[in-house]
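Chemist: next one to model:
(chains A and B)
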Amino acid sequence: MSEAGRTNESPTSAAVGHGGAPRSDTKPPVTLMDLALTFLKIAMVSLGGGMSAWALRVLVEERRWLTEEEFLGALTLCRILPGANQVNLAVHVGTRYRGVAGATAALAGLTLVPLLIVLVLGGLYFRHHQVPALKDSMSGLVAAAAGMTLAVAVKLAGQYRRDPVALALAVAAFIGMGVLRWPLLVVLGVLAPIGLVWYWPRGAPERKGQGGA
Amino acid sequence: MNLLTLFALIWVLGSLSLVAVGGGNTVLPELHVQSVWNYKWLTDGEFADIFAIAQAAPGPSTALMAALIGMKAAGWTGAIVAALAMLLPAAALTCAASFAWERFRTAPWRVAVEKGLAPIAMGFLLATTVIIVRAADHSWPAFIVTGIATVLLTATRINPLIVMAVAGLLGFLGLVY
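Modeler: Now for the predicted structure:
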């Protein structure tokens, strides 16, 4: 915690001057406080929904902790594992940077303030048996959060314009889950093997320099 | 306070935590059966109401619901125990899986998983969006807000918080319903 001042990446200006941030070996120093505050932010701004979209914006675009591809991979991992996706994502990113301590910090950041809020509301509710007048004023937020998620999906789709196989996989996943409403594991069971075989690294040792595209 | 209640909370929520594959909301029906019918921690109406509270609050809603159920069953201690029981088993599993994931960073299967699953994850994200829009937007003002938010956030570099704040204000004024 004593080195909290070392990350001088301001959330808004992170987009400039970072060209090809060296991935893999030299990760930027991420403190436990960074992890806790970042996931607190994600929890608070995704009020009304759209947590995946907000997580992508904060983790990929603002903090640059993950590339888009890494984020999507992590999100899938978090969906397969049991538990709430946002909790799993916090634990995953925390573990990646600071091991068990990082996972704890990220989890605490994500949950402590929301728990406090909800318990105060709950205390009031169980005493007076009346739902606080939150629900009605939420409708605007919920509608905008849906737009936030849609916008992220549109942006991501642009990235796959030149990759017909990826587009086909995305469309199939969308139809399976969004239209046919099949269970996640069934859709993954059908599509994941196709994706794995197609993208299995062949021949060349590693396809480098793809990250920033 | 009743120690047995605490153990029951740990048992029910801890086991639900580990079967919640595909997101927390998948365990809602089972959570309802256990907490309302089996253990009678709360009534049907209370279950519906705390669901609304948990949805309206920021943060992971299943953990928040667990905390509220624990609060009703066994006060503040119950709330904390219930939240931890819902969070920790799944978190421990994810933590272990993430260590493995990092360890095999350069393994071919890991590269294939990341590249191959990314487009599928994108399809899922789009599906989630459609489900959210369908659940959220019951009126043409809501559709318009979603549409304008989408265009603004796709085409401009506007800070999403501004969009959210304006939309929240519109909702607060009763213009979105």
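Chemist: now do the SS call for the most centrally placed residue in chain A.
Modeler: With distances taken as CA atoms, centre = their mean, the residue of chain A nearest its centroid is A:Ala55 (3.7 Å). Here A:Ala55 is helix, with the state taken from DSSP: H, G, I helix; E, B strand; the rest coil.
Chemist: I figured B:Val163 hits B:Thr150, correct?
Modeler: No. Using CB atoms under 8 Å, B:Val163 is not in contact with B:Thr150; the gap is 9.7 Å. For the C-beta atoms, the positions are set from N, CA and C on the backbone; glycine is no exception.
Chemist: hmm, back to that, residues in contact with the nearest residue in space to the residue nearest to the centre of chain A that is not next to it in sequence?
Modeler: In space, and not counting its chain neighbours, A:Ala55 is closest to A:Ile42: 5.3 Å by CB to CB, 6 or more residues apart in numbering or on different chains. Applying CB atoms under 8 Å, 6 or more residues apart in numbering or on different chains to A:Ile42 gives the contacts A:51, A:54-55, A:58-59, A:86, A:90, A:110.
Chemist: apply 10 Å and report the result again.
Modeler: Residues in contact with A:Ile42, defined by CB atoms under 10 Å, 6 or more residues apart in numbering or on different chains, are A:51-52, A:54-59, A:86, A:89-90, A:93, A:106, A:109-110, B:58-59.
Chemist: try B:Pro58
Modeler: B:Pro58 makes contact with A:40, A:42-48, A:51, A:110, A:113-114, A:117-118, B:64, according to CB under 10 Å, 6+ apart.
Chemist: can you confirm it is in a helix?
Modeler: No. Per three-state DSSP, B:Pro58 lies outside any helix segment and is coil.
Chemist: by contact count, what packs against the biggest helix by length in chain A?
Modeler: For chain A, the helix that runs over the most residues, judged by DSSP state H, is helix A:85-128. Judged by 3 or more CB pairs under 10 Å, 6 or more residues apart in numbering or on different chains; DSSP states H and E, the packing partners of helix A:85-128 are helix A:32-45, helix A:51-56, helix A:68-80, helix B:44-56, helix B:61-103.
Chemist: the bottom helix or strand of chain B by mean pLDDT?
Modeler: helix B:108-136 (a mean of 80; mean pLDDT, DSSP states H and E).
Chemist: I'd assumed B:Gly59 was in contact with A:Met51.
Modeler: Yes. With contact defined as CB atoms under 10 Å, A:Met51 reaches B:Gly59; the gap is 9.2 Å.
Chemist: shared neighbours of these two, anything?
Modeler: Common contacts of A:Met51 and B:Gly59 (CB under 10 Å, 6+ apart): A:42-43, A:84, A:86, A:110.
Chemist: most neighbours, which of the residues you listed?
Modeler: A:Leu110 (32 neighbours; other CB atoms under 10 Å in any protein chain shown).
Chemist: let me see the contact set for that residue.
Modeler: Applying CB under 10 Å, 6+ apart to A:Leu110 gives the contacts A:35-36, A:38-44, A:51, A:84, A:86-87, A:89-91, A:94, B:58-60, B:63, B:87.
Chemist: any idea how far B:Ala127 lies from A:Ala153?
Modeler: Distance of B:Ala127 to A:Ala153, given as CB to CB, to the nearest Å: 9 Å.
Chemist: swap that for B:Leu161, please
Modeler: 20 Å.
Chemist: buried subset of the contacts of A:Leu110?
Modeler: A:35-36, A:38-43, A:51, A:84, A:86-87, A:89-91, A:94, B:58-60, B:63, B:87 (16 or more other CB atoms under 10 Å in any protein chain shown).
Chemist: show the pLDDT at the residue lying closest to B:Pro60 once chain neighbours are set aside.
Modeler: Leaving aside its sequence neighbours, B:Pro60 sits nearest to A:Ala84 (CB to CB, 6+ apart; 4.3 Å). You'll see A:Ala84 listed with a pLDDT of 86.
Chemist: my read: A:Ala84 touches B:Ala83, true?
Modeler: No. Checked against CB under 10 Å, the pair A:Ala84 and B:Ala83 is beyond contact range at 11.8 Å.
Chemist: which neighbours do the two share?
Modeler: With CB under 10 Å, 6+ apart, A:Ala84 and B:Ala83 have common neighbours A:111, B:60, B:63-64.
Chemist: just these now: which is nearest B:Thr156?
Modeler: Closest approach between the shared contacts of A:Ala84 and B:Ala83 and B:Thr156, by CB to CB: B:Pro60, at 30.1 Å.
Chemist: dihedrals phi and psi, that closest one?
Modeler: Dihedral angles of B:Pro60 (phi, psi; degrees, to the nearest 10) stand at phi -70, psi 110.
Chemist: ok, B:Leu173 next?
Modeler: The phi/psi pair for B:Leu173 (degrees, to the nearest 10) is phi -80, psi 0.
Chemist: let's see the pLDDT reported for residue 75.
Modeler: Here I'm looking at chain A. At A:Leu75, pLDDT is 86.
Chemist: my question was about chain B
Modeler: B:Gly75 is assigned a predicted lDDT (pLDDT) of 93.
Chemist: and if you look at the one 4 residues further on?
Modeler: On the pLDDT scale, B:Ala79 is placed at 96.
Chemist: was I right about it contacting A:Leu119?
Modeler: Yes. B:Ala79 is within contact range of A:Leu119, at 5.6 Å (criterion: CB under 10 Å).
Chemist: returning to that earlier point: wait, which of the shared contacts of A:Met51 and B:Gly59 is closest to chain B?
Modeler: A:Ala84 (3.7 Å; CB to the nearest CB).
Chemist: got the domain ranges for chain B?
Modeler: Domain assignment of chain B by automatic domain parsing yields the ranges B:3-103, B:108-172.
Chemist: any stretches of chain B with poor pLDDT?
Modeler: B:1, B:21-26, B:135-137 (pLDDT under 70).
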